[in-house]
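Asker: Model the structure of this input:
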Amino acid sequence: MDSSEKRKQPPSNGPDGRPVKKSKGGSNGRWQTPHQKAKLEAIKGRSLEVGDMGIWTTCVKGKERQALAEMVDLCEEYGEKLYDIKRQDPAEAKDDEDGGDDIESSIKKEVQDMKPASKSKDLIFEPMRMNLDCLLFIRTKPPIDPVALVQRICKDAKGITEKSQRRTRFINRFTPVTLTAKATEAGVEEVAKSVLAKHFQLAGEDEQIEVPKGDAYSYAIRPSFRAHNTLKRDDVIKKVALLIAPRHKVNLSSPDKVILIDIYQTFCGMSVVDGDWESLKRYNLHEIYLSALGTDEKKKREKITQTEELED
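Answerer: Residues are numbered from 1 along each chain as shown. Okay, here's the model as predicted:
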């Protein structure tokens, strides 16, 4: 055969005249077993609802599945530590033994158990994948307090002394949510009155009514918007501030309390956290770890940067 006949055909061109690369298949390095795919689809099927409480979690892009596993593990560990909630023991193994080696049946059973219609009402930590990159949500139920849970995780992370103590690789920032409502003006007011009343005296209430601990806390309002363009930042801040009695003063530099408002698509979540939110890197677990590991970790990063500059 003539050597010219062995040459590769030139790549076909697209509508714009540029060569079109043929897909080699695969999953971009994210190969999954049928079990993993089924489990992921079940998680994606869950959705946020009005009245939910939980923890927003941002993570490394492309590592949502791993970050979700890390988050569930952390929640279960601290659920046991703080609330004496025993981790779910994988006792389903006994059921598998009774059912023989039918792996397909086992997978179907687990997927069925994870569907919203048949999920256990006693599920304390429920992981959810959102339809935005780098964003996860863990729905929690009483007795879990999302604020207390996140604070404890971050404070413990701040005290680590060795890299081996680092618990996570892909999680970035936490935002606890005490309550959610619809992301409307009425919804913001509704959720604010419920959440703020536990920490502040509300406007219009009798000045003689004591707020928790009898203190006139100073505060700062920190809103965050994701995939939402209806409500405006300044309007939300103003509406929430007007609900708080004048005895509580705004302090943007060192507040006693920080009001976290997280608006995601059609939902508005809110919580009140202590003023150490700033010193705890705004609950950015990754940054807390870097700070706790201190000089050694920073030196390594600087060395890598210097090496790259020399190579350039």
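Asker: How about the contacts made by the nearest residue in space to T230 that is not next to it in sequence?
Answerer: In space, and not counting its chain neighbours, T230 is closest to A183: 6.9 Å by C-beta to C-beta, 6 or more residues apart in numbering. C-beta here means a position set from N, CA and C on the backbone, and glycine is covered the same way. Shown in contact with A183 (C-beta atoms under 8 Å, 6 or more residues apart in numbering): H228, T230, L231, I263, Y264, Q265, T266, F267, C268.
Asker: how does it look with 6 Å?
Answerer: The contact partners of A183, by C-beta atoms under 6 Å, 6 or more residues apart in numbering, come to I263, T266, F267, C268.
Asker: and these, which are buried?
Answerer: Buried members of the contacts of A183, scored by 16 or more other C-beta atoms under 10 Å, are I263, F267, C268.
Asker: wouldn't the first one be in contact with H228 here?
Answerer: Meaning I263. Yes. Using C-beta atoms under 6 Å, I263 is in contact with H228, at 5.0 Å.
Asker: for the protein, what spans make up the strands?
Answerer: 53-59, 125-129, 135-140, 171-177, 179-182, 219-226, 257-264, 267-274 (DSSP state E).
Asker: looking at the ones you listed, which is closest to S291?
Answerer: The closest of these to S291 is strand 171-177. By C-beta to C-beta, the value is 13.9 Å.
Asker: Could you pull up the mean pLDDT of the closest one?
Answerer: In this model, strand 171-177 has a mean pLDDT of 98.
Asker: Stretch 230-250 now?
Answerer: Mean per-residue pLDDT for stretch 230-250: 97.
Asker: Can you list the buried residues in it?
Answerer: Buried positions in stretch 230-250, judged by neighbour count with 16+ other C-beta under 10 Å: L231, V236, I237, K239, V240, L243, I244, A245, H248.
Asker: before we move on, what about stretch 253-267?
Answerer: P255, D256, K257, V258, I259, L260, I261, D262, I263, Y264, F267.
Asker: As a check, name the ranges of all helices in the protein.
Answerer: Assigned by DSSP state H, the helices in the chain fall at 3-6, 34-44, 64-83, 92-98, 103-114, 146-158, 185-196, 233-242, 285-293, 295-311.
Asker: where are the low-confidence patches of this protein?
Answerer: When residues are selected by pLDDT under 70, those of the chain lie in 1-46, 88-122, 206-214, 295-312.
Asker: let's go with 50 and repeat that
Answerer: Applying pLDDT under 50 to the chain flags residues 23-29, 35, 38-39, 42, 45, 90-100, 116-120, 213, 304-305, 307-312.
Asker: now, of the strands of the chain, which is deepest in the fold?
Answerer: Ranked by mean neighbour count, the strands of the chain are led by strand 53-59 with a mean of 24 (mean count of other C-beta atoms under 10 Å).
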